[in-house]
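Undergrad: predicted coordinates and the sequence they were generated for:
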Amino acid sequence: MSETPDPDRAARAIAENVYAAYCRQATMPAHPLEEQTIVTRLVEAIHPQMGGSPGAIVEAVNAALSAWEQRDPDIRGPRVATIDQSDGAITLG
């Protein structure tokens, strides 16, 4: 079994942290089957920005969250303010 490269693991960790924090504060219907789709879209947004500026990652994540909200008018939530690439920690703002 091959090991996932560090940027892949980091992007996944950030995406999972964003999704969890967003869901704790968001107004949204429960769609547990969507979780993997949303996390995957967050990873896809984050991955190209890994190693770059944290601000670029924040912009990419917030754009992915906005796209999700545009798809479903019942979903509204906070935006990411900061991301720590080293440990995947995020803060909402």
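TA: Received the coordinates, thanks. Residues are numbered from 1 along each chain as shown.
Undergrad: quick one, helices of this protein?
TA: 6-25, 35-46, 54-71 (DSSP state H).
Undergrad: dump those helices into TSV; add mean neighbour count, mean pLDDT and distance to residue 90 as well.
TA: Quick note: C-beta positions are derived from backbone N, CA and C, even for glycine. Shown next, in TSV, are these (neighbours: other Cβ atoms under 10 Å; pLDDT from 0 to 100; distance: least, Cβ to Cβ, whole Å):
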stretch	mean neighbour count	mean pLDDT	distance to residue 90
helix 6-25	18	92	5
helix 35-46	17	94	11
helix 54-71	16	95	8
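Undergrad: check contacts around the closest residue to residue 15 other than its chain neighbours.
TA: In this structure, residue 15 finds its nearest non-sequential neighbour in residue 42, 3.6 Å apart by Cβ to Cβ, 6 or more residues apart in numbering. Contact partners of residue 42, counting by Cβ atoms under 8 Å, 6 or more residues apart in numbering, are 14, 15, 18, 19, 61, 64, 65.
Undergrad: swap in 7 Å and give it another go.
TA: Applying Cβ atoms under 7 Å, 6 or more residues apart in numbering to residue 42 gives the contacts 15, 18, 19, 61, 64.
Undergrad: now the residue nearest the centre of the chain: how far from residue 52?
TA: For the chain, the residue nearest the mean C-alpha position is residue 15 (3.6 Å; Cα atoms, centre = their mean). Note on residue 15: its distance to residue 52, by Cβ to Cβ, to the nearest Å, is 16 Å.
Undergrad: I'd guessed residue 7 sits against residue 50; true?
TA: Yes. In this structure, residue 7 is within contact of residue 50 by Cβ atoms under 7 Å, at 4.3 Å.
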